[in-house]
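Asks: A predicted structure for the sequence below; I have some questions about it.
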Amino acid sequence: MLLTGHLLGLVLSGALTGSAAVDFGGRSVWQVPLGVLAVAVAAAALLWRRTAPVPVFGAALVADGVAEALLPQAALTPALPCALWVALFSLAAHGTARRALGGAALATAVLPLHGIPVPGTGDDDAWGTLGDDLLAGALLHLLIVLGGRLRRHRTARRAQVLGRLAAVERERRAAAAAERERLARDLHDAAGHHLTAVAVQGAAALRLADSHPELAAEALAAGAATGRDVLDSLGRLVAVVGDEQADGRAPHESVPHLCAGLERLGLPVTRTTEGRPRPLPGDTSVAAYRVVQESLTNAMRYAAGAPVAVRLCYGDGELTVTVVNESPAAGLSVDGGAPLGGSGRGLVGMRERVEGVGGAVRAGPTGSGGWGVEAVLPIPGARPRIRALAVDAGVFVLCTALPLLLSCAGPDPLLPDLSATQLALLTALLVAHAAPLFLRRRAPVTALAAMMTATLGWSAAAALGPLPFDWLAPLALAWTAEPVALHAVGAYGPARPTWPAPVAVGLVGGIAVGLAVAGDPGESAGPGAVALFAALGLATVPWLLPVWALGLLTRARRGDGGPWERRVLDTVAARVGEAVAGERRRVATGLHATVVGHTAALVRHAEAGLAGTADARTALTEVTGGARKALAGLRELLDGLEEPDVPAPVAPVPGAGPAAAPGPGPALVSLPAPVDDDIPAKKEADA
């Protein structure tokens, strides 16, 4: 493509100049083949730009330098600079950062060969022309290097994410197997030994009832106490199923499967994470998880089909969880009469959890007719980093103290003879303009918008008269805060594309300059100057792109991926979380269907025998039988864990009511049953 474009450019330039085709527009015959050869060498070298980026860049640089040095501009086309740019990008994407920066310096060093006047050749403006072109070339080459480095980090990140996605099935199976093993062990500890003891003791008491009648009362008392302990243990085991989904994991890892699950049910959910995610204490993670869970559940209940936005913002010392749903569909309402549930208990439960960890919850209708919940959770031990605070303070001082000193002090101050009131007002303006820099990590878009608003207000006030026109000079010196905020948007901004940020900075800068020109008493420019300079401000966007790209590179080096990576990681977290939750649901359903019912019946019969409302021998027989049935149900439940796609036991328990049949569980692997074999009568008698 480069070679074809070069030849086509030569033909078109010869035709436009009206020269004969045989002399190629007045060019020497040897110059044309040399230019074609240089382009061919550079273009052919690009075929190996991924495997050998350094030699390829050297070949492109030499070809461009030789052609520019030996051939006139009439014999050249943009093909060689394009080849050099592609080689520089490949060097940054496939080589080291040091080599890429060195390549950018070399590419900038050959710019004087591109027809730029060199000082000492008789051109009075040579120094200015050379400096401007070198600066523009350096920025262009820096932008290419930043783009290549960003490509390198994103390629590595995507390879890592794809590798994790390929292993998600293995992770899912491993997580499910680990959860089965843990649940089996907990069930064995919580119920297996205790129920076995009840069965053994009851059988022994029945066998010795005639000779030792006092053993019946002891066995009934022990059976009732042990049964209650088993019920309490199983109740705790089932109750913590939901909380354990978030325990030990930060909300940005536990929340995605909630959003993914509701998306599959048709509820449009968007999730964003701001700040730097980090691990949290277990109770704080559970509180954040429950806030999102309860809010999403009630959004689905009371605002079916309305979009929901979930936002997790990690700040300095706190985590802010925000869930906002838009106005519900027709016929549904979200109002203060039944917030987050018909009786308001959902909000009460959330408030109790959040306040239990020292946080606060706010909930209420939004201006658009929807409902919003915001929870602020403290992060124990988290404090603003000293280095980050020092950097922010240094930038703030640079953008306030330096313009103030240059305006009021020094041998040639910009604003001499300022009164104390004017000095205080100027200081307040500079502080207000630079203060959003302290928010650039937590809310970079808001910080940049606040700075641009302050810039426009200051410029308009100086142009229209409320402020002295000369006060625009300190604003120009303080404008260095905007590039800093622009870098923060790329480095800490939202996952969505942030390319409008440099466009907005350039546009606002152009408008500010236009207001200055329109309000200058020494100029005759009218309001049209604002529109003209706004357009010129857009022309400065390429100069701002390196700042924004450097922020994107900072984000990539920190390991934060884009929307694609976030969607993949959310899918991984959701599938692994669903596998674990599926095992817990199966076990919880099986416990309610069999073990819990038989154990509850066992306790009732034991208490009836102790109270004298039932015959002691009959009660003891029922207690022993209930313990054996509970053990059989536990064995059935654990046997189901050994077989793939076997649903939990759903056989009705006498007196316990019917149980709902769950769906088939995920694929399971073999697991040795940890519960002892059923105890035959001989073993009971021996015991």
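Replies: That came through fine.

Asks: Mind listing what's buried along stretch 87-107?
Replies: By neighbour count on 16 or more other CB atoms under 10 Å, the buried set for stretch 87-107 is 87-95, 99-104, 106-107. In short, each C-beta sits where N, CA and C put it, glycine included.

Asks: Work out the gap between the helix or strand hosting Leu150 and the centre of the chain.
Replies: Using DSSP states H and E, Leu150 maps to helix 126-166. Computed by CA atoms, centre = their mean, to the nearest Å, the chain-centroid distance of helix 126-166 equals 23 Å.

Asks: Just name whatever secondary elements that helix is in contact with.
Replies: When contacts are defined as 3 or more CB pairs under 8 Å, 6 or more residues apart in numbering; DSSP states H and E, helix 126-166 packs onto helix 79-94, helix 97-109, helix 541-558, helix 563-590.

Asks: Let me see the backbone angles for Leu415.
Replies: When read as degrees, to the nearest 10, the backbone of Leu415 gives phi -130, psi 80.

Asks: got the contact list for the closest residue to it other than its chain neighbours?
Replies: Excluding its sequence neighbours, the residue lying closest to Leu415 (CB to CB, 6 or more residues apart in numbering) is Ser407, at 4.5 Å. By CB atoms under 8 Å, 6 or more residues apart in numbering, the residues touching Ser407 are Pro413, Leu414, Leu415, Leu418, Leu426, Ala473, Pro474, Leu477.

Asks: Any of those residues buried? List them.
Replies: Leu414, Leu415, Leu418, Leu426, Ala473, Pro474, Leu477.

Asks: among those residues, which are in helices?
Replies: Here DSSP state H is the test, and the buried ones among the contacts of Ser407 give Leu426, Ala473, Pro474, Leu477 as lying in helices.

Asks: Mind putting those residues into TSV with pLDDT?
Replies: Shown next, in TSV, are these (pLDDT from 0 to 100):
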residue	pLDDT
Leu426	89
Ala473	86
Pro474	88
Leu477	87
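
Asks: Need the residues you listed in TSV (columns: distance to Gly148).
Replies: Below are these laid out as TSV (distance: CB to CB, whole Å):
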residue	distance to Gly148
Leu426	43
Ala473	39
Pro474	38
Leu477	34
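
Asks: Among those residues, which pair sits farthest apart?
Replies: Greatest spatial distance in those: Leu426 and Leu477, 11.5 Å, computed using CB to CB.

Asks: All the helices of the stretch 301-450 of the chain, residue numbers only.
Replies: Per DSSP state H, counting those that start in this stretch, the stretch 301-450 of the chain carries helices over the ranges 345-356, 386-408, 420-434, 444-464.

Asks: cool, and the stretch 151-300 of the chain?
Replies: Using DSSP H, counting those that start in this stretch, helices in the stretch 151-300 of the chain cover 168-187, 193-207, 214-239, 241-244, 251-254, 256-264, 282-302.

Asks: What pLDDT is listed against Ala393?
Replies: Listed pLDDT for Ala393 reads 86.

Asks: same check, this time on the one 3 residues further on
Replies: Residue-level confidence at Phe396 comes out at 90, pLDDT.

Asks: Check Pro483 too.
Replies: pLDDT recorded at Pro483 is 91.

Asks: again with Ala239
Replies: The model's pLDDT for Ala239 equals 50.

Asks: before we move on, what about the one 10 residues further on?
Replies: The predicted local distance difference test score for Arg249 is 61.

Asks: Ala382 now?
Replies: Ala382 carries a pLDDT value of 48.

Asks: cool, Leu134 as well?
Replies: Listed pLDDT for Leu134 reads 78.

Asks: just checking, it touches Leu111?
Replies: Yes - in this structure, Leu134 is within contact of Leu111 by CB atoms under 8 Å, at 5.9 Å.

Asks: Between these two, which is the more surrounded one?
Replies: Per other CB atoms under 10 Å, whichever of Leu134 and Leu111 has more neighbours is Leu111, with 19 against 15.

Asks: Now for the more buried one: which residues touch it?
Replies: Taking CB under 8 Å, 6+ apart as the criterion, Leu111 is in contact with Asp133, Leu134, Gly137.

Asks: Surely Thr284 touches Val357?
Replies: Yes - Thr284 lies in contact with Val357 (CB under 8 Å); the separation is 5.1 Å.

Asks: Next, show the common contact partners of those two.
Replies: Common neighbours of Thr284 and Val357, using CB under 8 Å, 6+ apart, are Leu377, Pro378.

Asks: higher neighbour count, these two?
Replies: Shown here are Thr284 and Val357; by other CB under 10 Å, Thr284 has more neighbours (24 against 20).

Asks: measure that one to Gly356 for me?
Replies: 10 Å (CB to CB, to the nearest Å).

Asks: now Thr270
Replies: Applying CB to CB, the value for Thr270 to Gly356 is 29 Å.

Asks: Poorly predicted segments of the stretch 1-150 of the chain, please.
Replies: Applying pLDDT under 70 to the stretch 1-150 of the chain picks out residues 14-30, 73-74, 113-130.

Asks: Run the angle between the helix holding Leu150 and helix 541-558 for me.
Replies: 40 degrees (axes from the mean of the first three to the mean of the last three CA atoms, to 10 degrees).

Asks: For Val445, give me the pLDDT.
Replies: At Val445, the predicted lDDT confidence score is 90.

Asks: Need the residues that contact stretch 514-526.
Replies: Stretch 514-526 has contacts (CB under 8 Å, 6+ apart) with 456, 459-460, 462-465, 469, 472, 527, 529-534, 537.

Asks: Endpoints of it, how far apart?
Replies: Start-to-end span of stretch 514-526 (CA to CA, to the nearest Å) is 10 Å.

Asks: switch to numbering from 192
Replies: New numbering, starting at 192: the last item is stretch 705-717.

Asks: I'd like the average pLDDT over it.
Replies: Averaging pLDDT along stretch 705-717 gives 77.

Asks: Could you chop the chain up by domain?
Replies: Taking automatic domain parsing as the reference, the chain has its domains at 193-355, 367-440+632-878, 470-569.

Asks: can you list the ones you listed in JSON lines and add distance to Ala584?
Replies: Converted to JSON lines, the domains of the chain look like this (distance: least, CB to CB, whole Å):
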{"stretch": "domain 193-355", "distance to Ala584": "27"}
{"stretch": "domain 367-440+632-878", "distance to Ala584": "13"}
{"stretch": "domain 470-569", "distance to Ala584": "14"}
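
Asks: Specify the stretch among those that is closest to Pro594.
Replies: So among the domains of the chain, domain 367-440+632-878 is nearest, using CB to CB, at 3.7 Å.

Asks: Derive a PyMOL selection command for the buried subset of the contacts of stretch 705-717.
Replies: For the buried members of the contacts of stretch 705-717, the matching PyMOL selection, counting by 16+ other CB under 10 Å, is:
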select buried, resi 650+651+653+654+660+663+720+721+724+725+728
